[in-house]
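Student: give me a model of this one.
(chains A and B)
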Amino acid sequence: MTAPPPGAVSTIRGRWQRPALTWTTRVVLVVAAASIVIPDPLRTGLAIAVVAAVVAVPLLRVAWLVFRWHQEHDRRFVAIGATLLTVIAVGGLLSALGVGR
Amino acid sequence: MEYLGYGAMALVAAAMGTLGGLGGAILLVPALVVTGMEPSAAAPLGLVTVAAASIAAGPHQLAERSVNHRLGVTAELVASTGAVVGAVLSGLVAEQLLTYVLAAVAAIAALAGGRRKGLRNPPDPASSPADVGERVGTLAGAYPLGDGVVPYRADRLGLGLSLMGVAGVIAGTAGVSGGFIKTAAASEIMRVPTRVAAATTTFTVGITSSAALVVFALQGRIDAPPAAVVVVGSLVGGLVGARLQSALAPSIVRRILSVLLVAVAVILVVRT
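Tutor: Model prediction:
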């Protein structure tokens, strides 16, 4: 892919993000609704899957953006996005180690 | 079926939170506490609402290209660093002092947004639909408004990003996403159009909430069955809020945001 010049309109138009988020919303909505009416133990399993999806999707979105900015040769924002994911990982690690509890 | 009331509250909080770019936890958590839930149990549900609404609002906001991802990720880097610092220092900060500071910030932001008249970022006749989108390597962009295209650029980055860091510290210590500060900082300090500020904040508070929920999950503080009910309400609320945001004029969104911020300030003081 040819690198657009700085200040050019980004080629990122949500061509992949939009359908991915639309289908995630639909699937999570159906599974979450099912977890309301289905009895345990399946109910808890479905609910855990729903929460895991809700937690993972925003972070995967950032990872996708870092990949797309890399394709656009936008090194500054690749570094910012990668640093953000690192900070979140460090926060999780500190929590796992019991820091701040 | 015993958690359906939580789902209804989450729907309203997510719709209002997405419309104003507030996140929604700041509205849902006090409501859950009023119903008798412990604050420590309500905080994860508030963050689940924010993350779910962010996912649901995403497709609509991407379609109208009102989210500036570069601005969002830059702001989020500062905010997440603040959140980690806030989480580590949470035991050292007096909660009452923090709450009053939050309420004051919300009230000042409401005043700043409410006082502003007219359209600060009018459509540019020289811009065409081909100009809509983010600008590579910068914190600038353009978004469609009616039949026109509105170019913008984030100004006063130092002060704006400092406030994003404050929002992060608040998120780490108080268990809310800090969206009400982020949208106000982007709109009133960095002079980004209100709709872009609100849509970008809806994207970023999803990241803040995910990061915080990872911590809560590792601490075993998420009760999955009520969280799933909250997700149902929040996804529907996020869809409704995103559509309302694009259907309403920027001046109306700004006024609604001001009213919500006043409500947030009152809720914060009353909670204390």
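Student: show me the contacts for residue B:63.
Tutor: With CB atoms under 8 Å, 6 or more residues apart in numbering or on different chains as the criterion, the residues that contact residue B:63 are A:14, A:18. C-betas here are computed from N, CA, C, even on glycine.
Student: ok, now how distant is it from residue B:32?
Tutor: When CB to CB, to the nearest Å is applied, the distance between residue B:63 and residue B:32 equals 32 Å.
Student: what does residue B:237 give?
Tutor: Distance check for residue B:237 against residue B:32: by CB to CB, it reads 15 Å.
Student: so what's the residue count around the nearest residue to residue B:125 once chain neighbours are set aside?
Tutor: With CB to CB, 6 or more residues apart in numbering or on different chains as the criterion, residue B:125 has its nearest non-adjacent residue at 7.4 Å, and that residue is residue B:148. With neighbours defined by other CB atoms under 10 Å in any protein chain shown, the count for residue B:148 comes to 14.
Student: residue 51: how many residues sit nearby?
Tutor: I went with chain A, as the question did not name one. Around residue A:51 sit 28 other residues, with neighbours defined as other CB under 10 Å.
Student: that's the other chain; I wanted chain B
Tutor: 33.
Student: contact partners for the closest residue to it other than its chain neighbours?
Tutor: In this structure, residue B:51 finds its nearest non-sequential neighbour in residue B:209, 4.1 Å apart by CB to CB, 6+ apart. Contact criterion CB under 8 Å, 6+ apart gives A:58, B:23, B:25, B:47, B:48, B:50, B:51, B:54, B:177 as the residues in contact with residue B:209.
Student: out of residue B:237 and residue B:32, which sits in the busier spot?
Tutor: More crowded of residue B:237 and residue B:32, by other CB under 10 Å: residue B:237, with 30 against 25.
Student: mind listing what the more buried one touches?
Tutor: Residue B:237 neighbours (CB under 8 Å, 6+ apart): B:10-18, B:24, B:49, B:53, B:56.
Student: how about a cut-off of 6 Å?
Tutor: Residues counted as contacts of residue B:237 (CB atoms under 6 Å, 6 or more residues apart in numbering or on different chains) are B:11, B:14, B:15, B:53.
Student: now do residue B:206
Tutor: With contacts defined as CB under 6 Å, 6+ apart, the neighbours of residue B:206 are A:58, B:51, B:54.
Student: how about the backbone phi and psi for it?
Tutor: Main-chain torsions, residue B:206, degrees, to the nearest 10: phi -60, psi -40.
Student: just residue B:200 next, same as before
Tutor: phi -70, psi -40.
Student: burial count for residue 35?
Tutor: Assuming you mean chain A. For residue A:35, the count of nearby residues is 26 (other CB under 10 Å).
Student: looking at chain B here, not the other one
Tutor: 10.
Student: what segments of the stretch 51-200 of chain B are helices?
Tutor: Chain-ordered helices for the stretch 51-200 of chain B, with DSSP state H, counting those that start in this stretch as the definition, fall at B:69-89, B:95-115, B:157-174, B:179-184, B:194-218.
Student: what are the buried residues along the longest one?
Tutor: The neighbour-count check on helix B:194-218 (16 or more other CB atoms under 10 Å in any protein chain shown) flags B:194-218 as buried.
Student: so it versus helix B:157-174, what angle?
Tutor: Between the direction of helix B:194-218 and that of helix B:157-174, the angle (axes from the mean of the first three to the mean of the last three CA atoms, to 10 degrees) works out to 40 degrees.
Student: give me the next element, helix or strand, following helix B:194-218.
Tutor: Per DSSP states H and E, the first helix or strand lying C-terminal to helix B:194-218 is helix B:224-247.
Student: where in chain A is pLDDT low?
Tutor: A:1-6, A:99-101 (pLDDT under 70).
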